[in-house]
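Asker: Fold the following for me, if possible:
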Amino acid sequence: MEPVQFGQYPPARRTIVHVSDTHLMAGNRPLGGRYDTAANLRRTLAEVERLGIRPDAIVFTGDLTDLGEPEAYAALKDAVEPLAARLGAPIVWVAGNHDERTALRRDLLGQDPSEEPVTSVRDLDGLRLVALDTSVPGWHHGDLDEGQLTWLRGILSTPAPLGTILALHHPPLPSHIPLFDILELRDQPRLAEVVRGTDVRAILAGHLHYSTSGTFAGVPVSVAAATCYTMNLARPAVEVNGMDAGQSFHLVHVYDETITHAVVPVVDAPTGEYFSAEWVQSMAQLTPEERLEAFSRKRPA
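Answerer: Numbers count the residues shown, from 1 in each chain. All right, here's what the predicted structure looks like:
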């Protein structure tokens, strides 16, 4: 269905599907003996396709596999690439602390194996999407070396028509969960120095296994929860643990003056049908005044 404009904002210029922390295991083994990460990924991809949109990109912000196993990267590729082809959307893969760069390059990207950071730049018809690699081989915390920062500085020296979005695994944000402090992105002021004052409009991240947001160097940061398992934030901070519930992904809509990040739940639940495609089309045939009368005004109780 063609987009219908009822309010003051025209349709988004670009749309991105933001997925994070798939943590696939070789042979579809359950993660930790309890989380079926392959099945959770299939459910997530099914929900993405059910949206009925053609996104400009699908971004996976790290921890693509749990142990960096070649078979797990091959399984991830086999699961995602057919969907991306059907939607006509490029895939942007971001390395996380659970990933192994050599296997990621060889078995997912089809490149020569290397320990070099896995970075990329994608032009989405004027919107620039830059993937950074905050993984530190052998460790769970994140960092960006001077070579990657210099590379990013050079890219950002020339603004893009619709601005730039950065995608990385470790979010440059604080977490209220005590243990996560030791897993954060190190030396964040160095990245802030490169980003501040440029055309970067948003930062996409993962790693935390729960959805959160904030600002960094004046730029909005949006963290997508995991598809494998999420954190039960209903517990006190020192008791937060994982649960096989609350999985979601984000829909990122890029407008001229703002970027929105909507959390899309991956859940099988009864859903009303009031706002159907037929209803939207019927409303589109009315004048603005008729729409106001038909829908916006409060009715007597």
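
Asker: Could you list the low-pLDDT ranges of the stretch 151-300 of the chain?
Answerer: Residue ranges of the stretch 151-300 of the chain with pLDDT under 70: 296-300.

Asker: for it, what spans make up the strands?
Answerer: In the stretch 151-300 of the chain, the strands defined using DSSP state E, counting those that start in this stretch lie at 164-167, 200-205, 212-216, 219-223, 230-231, 242-243, 248-254, 259-265.

Asker: Tabulate those (a markdown table), appending distance to Arg153 and mean neighbour count.
Answerer: Bear in mind the C-beta positions are built from the backbone N, C-alpha and C, glycine included. Rendered in a markdown table, the data for those read as follows (distance: least, CB to CB, whole Å; neighbours: other CB atoms under 10 Å):
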| stretch | distance to Arg153 | mean neighbour count |
| --- | --- | --- |
| strand 164-167 | 12 | 26 |
| strand 200-205 | 12 | 25 |
| strand 212-216 | 16 | 15 |
| strand 219-223 | 15 | 21 |
| strand 230-231 | 34 | 20 |
| strand 242-243 | 37 | 17 |
| strand 248-254 | 23 | 22 |
| strand 259-265 | 22 | 16 |
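
Asker: closest one to Arg54 among those strands?
Answerer: Nearest to Arg54, of all those, is strand 248-254, at 12.7 Å by CB to CB.

Asker: In terms of secondary structure, what does the closest one contact?
Answerer: Secondary-structure packing of strand 248-254 (3 or more CB pairs under 8 Å, 6 or more residues apart in numbering; DSSP states H and E): strand 14-19, helix 37-50, strand 200-205, strand 259-265.

Asker: Next up, the contacts around the closest residue in space to Gly147 that isn't next to it in sequence.
Answerer: Leaving aside its sequence neighbours, Gly147 sits nearest to Pro117 (CB to CB, 6 or more residues apart in numbering; 7.9 Å). By CB atoms under 8 Å, 6 or more residues apart in numbering, Pro117 lies in contact with 95, 101, 132-133, 135, 145, 147-148.

Asker: Let's have the strands of the stretch 151-300 of the chain in a markdown table, adding distance to Val280.
Answerer: Output for the strands of the stretch 151-300 of the chain, formatted as a markdown table (distance: least, CB to CB, whole Å):
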| stretch | distance to Val280 |
| --- | --- |
| strand 164-167 | 29 |
| strand 200-205 | 28 |
| strand 212-216 | 29 |
| strand 219-223 | 27 |
| strand 230-231 | 32 |
| strand 242-243 | 36 |
| strand 248-254 | 17 |
| strand 259-265 | 18 |
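
Asker: Please identify which of the ones you listed is closest to Leu45.
Answerer: strand 248-254 (9.4 Å).

Asker: so Gly163 touches Val219, yeah?
Answerer: No - in this structure, Gly163 is not within contact of Val219 by CB atoms under 8 Å, at 10.2 Å.

Asker: Please enumerate the shared neighbours of the two.
Answerer: The contact sets of Gly163 and Val219 overlap at 200-201 (CB under 8 Å, 6+ apart).

Asker: returning to that earlier point: identify whichever of the helices and strands packed on strand 248-254 lies nearest to Glu273.
Answerer: helix 37-50 (14.4 Å).

Asker: quick one: average pLDDT of the closest one?
Answerer: Mean pLDDT, helix 37-50: 97.

Asker: Show me what whichever helix or strand comes after that helix is packed against.
Answerer: As assigned by DSSP states H and E, the chain's next helix or strand after helix 37-50 is strand 57-61. Helices and strands touching strand 57-61, by 3+ CB pairs under 8 Å, 6+ apart, are strand 14-19, helix 70-87, strand 91-94, strand 127-131, strand 200-205.

Asker: Tabulate those (TSV), appending distance to Leu109.
Answerer: As requested, the helices and strands packed on strand 57-61 are exported to TSV (distance: least, CB to CB, whole Å):
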stretch	distance to Leu109
strand 14-19	17
helix 70-87	9
strand 91-94	7
strand 127-131	11
strand 200-205	19
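
Asker: nearest to Pro236, of those?
Answerer: Within the helices and strands packed on strand 57-61, the stretch nearest Pro236 is strand 200-205; the backing value is 24.4 Å (CB to CB).

Asker: Relative to the closest one, what are the paired strands and their orientations?
Answerer: Sheet partners assigned to strand 200-205 using DSSP bridges are listed as strand 164-167 (parallel), strand 219-223 (parallel).

Asker: So which of the helices and strands packed on strand 57-61 is nearest Ile155?
Answerer: strand 127-131 (6.2 Å).

Asker: Quick one: mean pLDDT over the closest one.
Answerer: Mean pLDDT, strand 127-131: 98.

Asker: Stretch 87-106 too?
Answerer: Averaging pLDDT along stretch 87-106 gives 98.
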